[in-house]
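Undergrad: Based on what follows, work out the 3D shape:
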Amino acid sequence: MDNTQKLLSDIDRLKKQYRAEHNNAYDGEAVCKKINNLFANNNRFLGDIAALFTDYWFNTYIATSPDIKNEPTAENLDRLAAMQSLLEGETEGTDCLTDSDWHELCELVNEDAAELPLDALNNMMAIFVDKQSL
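TA: Below you'll find the predicted structure:
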């Protein structure tokens, strides 16, 4: 199981745990905030960039959802999984990201570049160049 699959598995477990703790009630916004924390913690070795990515994910896709109580949708989970792949320097599963996503994520990495491990920065920047996001 790779890190992206583990992330999705952990999110599924988090959603089930939330329902169990709240008498089968579900609040998508609250769950997505927990997902933000999970994502940031899973990638803490990269500094603040993971939190910046999940803030972008939340503000762009979750907070603007017409049905926020039922988030995250499968489509929005795919976007977060794509961001996980990007952090790992992989392009597999990133086709769901829009041009706007690529440009914004590139901008976030540029702003936080001094704090990133050099290998991770180089891998992400190579992907941004390939996606023509610079």
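Undergrad: Which positions within stretch 88-99 qualify as buried?
TA: 88, 90, 93-94, 97 (16 or more other Cβ atoms under 10 Å). C-betas here are computed from N, CA, C, even on glycine.
Undergrad: Could you list the buried residues of stretch 117-129?
TA: Across stretch 117-129, burial judged by 16+ other Cβ under 10 Å covers 120-121, 123-125, 127-128.
Undergrad: just stretch 71-82 next, same as before
TA: For stretch 71-82, the neighbour count (16+ other Cβ under 10 Å) marks 71-72, 76-82 as buried.
Undergrad: Centre of the chain to that stretch, how far?
TA: With Cα atoms, centre = their mean, to the nearest Å as the basis, the distance from the averaged C-alpha position of stretch 71-82 to the chain average is 8 Å.
Undergrad: Then stretch 21-39?
TA: Stretch 21-39 has its average C-alpha position 15 Å from the chain's average C-alpha position, going by Cα atoms, centre = their mean.
Undergrad: could I get it in PDB with only the CA atoms?
TA: Only the C-alpha atoms of stretch 21-39 are listed here, as PDB (Å, rounded to 0.1, in the frame of the first residue of the first chain):
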ATOM      1  CA  GLU A  21     -18.700   9.000  17.800                       C
ATOM      2  CA  HIS A  22     -21.800  11.000  16.800                       C
ATOM      3  CA  ASN A  23     -24.500   8.400  16.800                       C
ATOM      4  CA  ASN A  24     -24.300   7.800  13.100                       C
ATOM      5  CA  ALA A  25     -24.700  11.600  12.400                       C
ATOM      6  CA  TYR A  26     -22.300  13.100   9.800                       C
ATOM      7  CA  ASP A  27     -21.000  16.600   9.300                       C
ATOM      8  CA  GLY A  28     -18.900  16.800   6.200                       C
ATOM      9  CA  GLU A  29     -17.300  20.100   7.100                       C
ATOM     10  CA  ALA A  30     -16.100  18.800  10.500                       C
ATOM     11  CA  VAL A  31     -14.800  15.600   8.900                       C
ATOM     12  CA  CYS A  32     -12.900  17.600   6.200                       C
ATOM     13  CA  LYS A  33     -11.300  19.700   8.900                       C
ATOM     14  CA  LYS A  34     -10.100  16.400  10.500                       C
ATOM     15  CA  ILE A  35      -8.900  15.300   7.100                       C
ATOM     16  CA  ASN A  36      -6.800  18.500   6.800                       C
ATOM     17  CA  ASN A  37      -5.100  17.700  10.100                       C
ATOM     18  CA  LEU A  38      -4.500  14.100   9.000                       C
ATOM     19  CA  PHE A  39      -3.000  15.200   5.700                       C
END
